[in-house]
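Trainee: Got a predicted model here, sequence first, then my questions.
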Amino acid sequence: MRALCVRSLTKTYLAGPRGRATTIPALREVNLDVDRGEIIGLVGRPGSGKSTLLLCLAGLLRSDDGTITWFGEQITGHHVPPGLAYVPQRTGYYSFLTVREALEYYATLHDLSSAHRASQVDAALREVSLQVHSARRVSHLSPSLLQRLGLAQALIGSPRAILLDETLWGEGLLFDKDIVALLTRLSRRGVTILISAPNPVELHRVAGRIVMMAEGRVVSLRRLDPAFAAAV
């Protein structure tokens, strides 16, 4: 079953002083198909369009043209299909909260009973190996632990798709066997995952396909050899 269908997606930004602003293309006629449960690695240099694409896919940024369809439902100006979880590269949390309190707060944004919220928070902490840090204040977390907290937040509400904008890159989490195992389990459950990174090195461990972007375009799509990925 196809999870995502992107057709002719276009997005531009205005830059420069008022009255002399110029148009800068961020996405140029992007087309992409992703199957349910597939893990996609989105690769490109800064400015290639990765973050803009993920923001549009999450329904947080409106495109200029083109269509985005998740699980048969199209994103429109007033409708975003349910079950999408987006985690930016730099997550922001109230620093005075503990790890558990931060997750409990975000769990209230979902239509869950109090008992179900508590069980989801416990499960998320366990999945990303944050139980031992659950009482620590967010302000005391290392960058790596903050990345784990962002991933835990994405798990709340049982999402159908998770979009990670360089969330796991730079701190070696994609070389962590527990994180790799978690992403693999989610994929087998049918959760579709898109992970962006500047280069494909770390993504080879988890992604089934690599989508290379440059200047707002998809310039190549490559399916990875599972035997090579296992050996990296």
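Mentor: Received the coordinates, thanks.

Trainee: Endpoints of stretch 56-64, how far apart?
Mentor: 10 Å (Cα to Cα, to the nearest Å).

Trainee: In that stretch, which residues are buried?
Mentor: 56-59, 63 (16 or more other Cβ atoms under 10 Å). Glycine gets a C-beta too; all of them are placed from N, C-alpha and C.

Trainee: Check stretch 28-42 too.
Mentor: 30, 32, 34, 37-42.

Trainee: got the residue ranges for the helices in the protein?
Mentor: Here the chain has its helices, by DSSP state H, at 50-57, 99-107, 114-127, 143-155, 177-188, 226-231.

Trainee: Please identify the most buried of those.
Mentor: Per residue and on average, the most neighbours among those fall to helix 50-57, with a mean of 24 (mean count of other Cβ atoms under 10 Å).

Trainee: helices and strands of the protein: which one bottoms out on pLDDT?
Mentor: helix 226-231 (a mean of 44; mean pLDDT, DSSP states H and E).

Trainee: In terms of pLDDT, where does residue 206 sit?
Mentor: We have a pLDDT of 87 for residue 206.

Trainee: For residue 173, see how far away it is.
Mentor: 10 Å (Cβ to Cβ, to the nearest Å).

Trainee: And for residue 115?
Mentor: 30 Å.

Trainee: cool, and residue 45?
Mentor: Computed as Cβ to Cβ, the residue 45 to residue 173 distance reads 21 Å.

Trainee: next one: residue 140
Mentor: Residue 140 is 19 Å from residue 173, by Cβ to Cβ.

Trainee: out of those two, which sits in the more crowded spot?
Mentor: Neighbour comparison, residue 140 and residue 173: the larger count goes to residue 173, with 21 against 11 (by other Cβ atoms under 10 Å).

Trainee: residues contacting the closest residue to that one other than its chain neighbours?
Mentor: Closest residue to residue 173 apart from its sequence neighbours, by Cβ to Cβ, 6 or more residues apart in numbering: residue 179 at 4.9 Å. Shown in contact with residue 179 (Cβ atoms under 8 Å, 6 or more residues apart in numbering): 128, 148, 151, 168, 173.
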